[in-house]
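Visitor: When you get a sec, could you give me coordinates for this:
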Amino acid sequence: MKKTTRQILAFMMAAVTALSLSACGGDKPAETTAASVAEGADKGKEAAKTEGEKEESGEKKVLRVAMECAYAPYNWTQPDNSNGAVPIADSNEFAYGYDVMMAKKICEELDYDLQIVRLDWDSLIPALQSGQADCVIAGQSITQERLQAVDFSEPYYYATIVTLVKKGSKYENAASVADLAGATCTSQQSTIWYQNCLPQIPDANILAATASAPDMLMSLNADKCDLVVTDQPTGKGALVAYPNFVMLEFGGNDADFQVTDEDINIGISIKKGNTELKTAIDSVLTKMTKEDYSKMMDEAISVQPLAN
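Guide: You can find the predicted model right below:
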C-alpha cells in the first residue's frame, strides 16, 4: 500500500513538473496564450464572414470611402454635421462636399453604411491596395497611369481645365494658353494640372508642386506665383473663398490646354479586380446624367466653408 501511494505521488509530481516546464517554455503564460488563441479565432470567424452571411444576419455592408477632406468643393472637413456632413473615422470632425454627397447617394442606392477615411492625396491609391479603403472618391482623373494601379468606375464628373489669377494681374485678360507666356505658376502635386498643363505654358517658371489644393490657392493669394491651373469646380469654389481671384477659361479649342478625355473624366477608384464593387457603383452612376452631376456640384459649392 505504501509503495502504491509513493507511485501515485511520484506520478503527480512528474505531471506538475511537466506542466510547469511547458508553461515556462513559451513566450507567454499558458493562460495568456489560450486567451490569444481564442481571440484570434473570434477575429478569424468575423473576418471569414461572407457578404452573404452578413446580409442573412441583417448586417449592412460598410463602404469605406477614402478622400482628403481638404479639396473643396469636392470634399472638405467641418466641425459638425450641418448640411448632411458625415463623421470622419477616428475623428471628432465631419466631411462634406461633392464627393461625400456622391458617396451618400451610392450608399443609399446600394443599402450600404458609409464610413469616410481621411488620408492625404498620395496615400489614397495605396490605401486601396492595402485594403484600408474600399474605394476612393476624391476628384481623381481617370488616367492611364492610375489605371495600371487601380480600377475605375464610370465617370462621376466631367471637369474642364481653368486658370486662376488675381485681379489686377497682367494675365487677367489672357485669352489663350499662349497669353500666359513667362508666368510663374504652380498646381497640386500628382495631378494632370501640374504634370500635363503647366508645361504647355510657353517659357513658364514652374514652381514646385503644392501638397494640396488649399496650399495651391494660398500660394496664389500670397503672390508666390502669377497663376495656378486647376479644374472648373475647384476654380468656382476658389472664387467663393477668394473674391480677389479671376477664373480664365479658354474655350476648349486650340487656344486651350490640350488634354484628353481621360484627363478630365473624374472617376471613383477601386482595388484592381474588385469587379463586384465596380459593377455596383456603376449601376448607380449610369442612372445619373451630366446635369445631375452639375446640379450636385453647384450645391456643394454653395455650402462650402470659406476656409477650405
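Visitor: Which parts of this structure belong to which domain?
Guide: With domains defined by automatic domain parsing, the chain comprises 54-158+266-303, 161-251.
Visitor: Next, the distance between the ends of the last one.
Guide: Okay, so that is domain 161-251. 10 Å (C-alpha to C-alpha, to the nearest Å).
Visitor: and it, how far out from the chain's middle?
Guide: Domain 161-251 sits 23 Å away from the centroid of its parent chain (C-alpha atoms, centre = their mean, to the nearest Å).
Visitor: pLDDT on that domain, on average?
Guide: Across domain 161-251, pLDDT averages out at 96.
Visitor: Quick check: the residue nearest in space to the middle of the chain vs K170, distance?
Guide: Among the residues of the chain, the one closest to the centroid is M67, at 2.4 Å (C-alpha atoms, centre = their mean). Distance check for M67 against K170: by C-beta to C-beta, to the nearest Å, it reads 36 Å. Glycine gets a C-beta too; all of them are placed from N, C-alpha and C.
Visitor: what do you get for I192?
Guide: From I192 to K170 the distance is 26 Å (C-beta to C-beta).
Visitor: Same check on P305?
Guide: Counting by C-beta to C-beta, the gap from P305 to K170 is 31 Å.
Visitor: So which of the two has more stuff around it?
Guide: Taking neighbours as other C-beta atoms under 10 Å, P305 and K170 compare with P305 leading, 15 against 11.
Visitor: in a strand, that's where the more buried one is, yeah?
Guide: No. Assessed with DSSP: H, G, I helix; E, B strand; the rest coil, P305 is coil; it does not lie in a strand.
Visitor: Now it: closest residue in space that isn't a chain neighbour?
Guide: Q78 (5.9 Å; C-beta to C-beta, 6 or more residues apart in numbering).
Visitor: Return the residues in contact with that neighbour.
Guide: Each residue near Q78 by C-beta atoms under 8 Å, 6 or more residues apart in numbering is listed here: 85, 93-96, 305.
Visitor: how about the host helix or strand of S219: buried residues?
Guide: Assigned by DSSP states H and E, S219 belongs to helix 213-221. Neighbour counts over helix 213-221 (16 or more other C-beta atoms under 10 Å) mark 213-214, 216-217, 219-221 as buried.
Visitor: Please tell me how far the residue nearest to the centre of the chain sits from K287.
Guide: Distance from M67 to K287, by C-beta to C-beta: 22 Å.
Visitor: And for N196?
Guide: Counting by C-beta to C-beta - N196 and K287 are separated by 31 Å.
Visitor: got it, and R146?
Guide: Counting by C-beta to C-beta, the gap from R146 to K287 is 25 Å.
Visitor: what about the helices in the stretch 201-308 of the chain?
Guide: 213-221, 232-241, 261-264, 275-285, 290-303 (DSSP state H, counting those that start in this stretch).
Visitor: Can you convert those into a markdown table and add a column each for distance to L124?
Guide: Below are the helices of the stretch 201-308 of the chain laid out as a markdown table (distance: least, C-beta to C-beta, whole Å):
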| stretch | distance to L124 |
| --- | --- |
| helix 213-221 | 14 |
| helix 232-241 | 17 |
| helix 261-264 | 18 |
| helix 275-285 | 16 |
| helix 290-303 | 19 |
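Visitor: Mind jotting down where the strands sit in the stretch 51-200 of the chain?
Guide: 62-67, 76-78, 86-87, 94-96, 113-118, 135-141, 150-152, 157-158, 161-166, 184-186 (DSSP state E, counting those that start in this stretch).
Visitor: Tabulate those strands (a markdown table), appending distance to T230.
Guide: As requested, the strands of the stretch 51-200 of the chain are arranged in a markdown table below (distance: least, C-beta to C-beta, whole Å):
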| stretch | distance to T230 |
| --- | --- |
| strand 62-67 | 17 |
| strand 76-78 | 15 |
| strand 86-87 | 25 |
| strand 94-96 | 20 |
| strand 113-118 | 21 |
| strand 135-141 | 10 |
| strand 150-152 | 21 |
| strand 157-158 | 14 |
| strand 161-166 | 6 |
| strand 184-186 | 10 |
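Visitor: Show me the one of these that comes nearest N274.
Guide: Minimum separation from N274 across the strands of the stretch 51-200 of the chain (C-beta to C-beta) falls at strand 150-152, 6.8 Å.
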